[in-house]
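Peer 1: Need coordinates for the following:
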Amino acid sequence: MPIGSRLWLIERSKRTPDTLARAEDYIREALQWLIDDGVVAAFDITVEWSQANTLGAQVVARKIDGSAEAEIPALGLRIAVPIVAG
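Peer 2: Numbers count the residues shown, from 1 in each chain. Take a look at the predicted model:
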C-alpha cells in the first residue's frame with residue numbers, strides 16, 4: 001500500500017479549477033485508508049487558493065458517530081502547495 005499523497009504532482013501546475021480538483025482528489029486518495037479501516041466515516045475537504053500562488057486545504061474528519069472532528073493534529077493536515085502563476 002502506498003504511503004503519502006500525490007500532491008507533489010501539482011507543485012508546478014497552473015492556477016486553474018482543474019488543479020484544485022486534482023488536489024482534492026489526491027488528498028482524498030491519501031486519506032481513504034482511514035475510511036477503509038473504519039477509523040472515520042468520511043472527510044469534508046475544502047481546497048482553495050489561500051494566496052496568489054498557494055493552494056490551501058482544510059480537512060474535517062467525520063467520526064463514525066456522525067460528529068465532526070475539526071482538525072486531525074496527529075496527521076498534520078495543514079496543507080499549502082506553491083503553484084506556478086499562470
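Peer 1: Sketch out the low-pLDDT regions of this protein for me.
Peer 2: The model of the chain has pLDDT under 70 over residues 1-2, 68-86.
Peer 1: All the helices of it, in order from the start?
Peer 2: Assignment of helices within the chain using DSSP state H yields the ranges 17-36.
Peer 1: all strands of it, in order?
Peer 2: In the chain, the strands defined using DSSP state E lie at 42-51, 54-62, 68-69, 79-82.
Peer 1: right, so these: which one is the most enclosed?
Peer 2: Mean neighbour count (mean count of other Cβ atoms under 10 Å) peaks for strand 54-62 among the strands of the chain, with a mean of 18. (Each C-beta comes from the backbone N, C-alpha and C, glycine too.)
Peer 1: can you pull the alpha-carbon coordinates of it into PDB?
Peer 2: Provided in PDB are the C-alpha atoms of strand 54-62 (Å, rounded to 0.1, in the frame of the first residue of the first chain):
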ATOM      1  CA  THR A  54      -0.500  28.900  -2.900                       C
ATOM      2  CA  LEU A  55      -3.200  26.200  -2.700                       C
ATOM      3  CA  GLY A  56      -4.600  25.600   0.700                       C
ATOM      4  CA  ALA A  57      -6.800  22.800   2.100                       C
ATOM      5  CA  GLN A  58      -8.900  22.200   5.100                       C
ATOM      6  CA  VAL A  59      -9.800  18.600   6.000                       C
ATOM      7  CA  VAL A  60     -12.500  17.800   8.500                       C
ATOM      8  CA  ALA A  61     -13.000  14.200   9.600                       C
ATOM      9  CA  ARG A  62     -16.400  12.900  10.200                       C
END
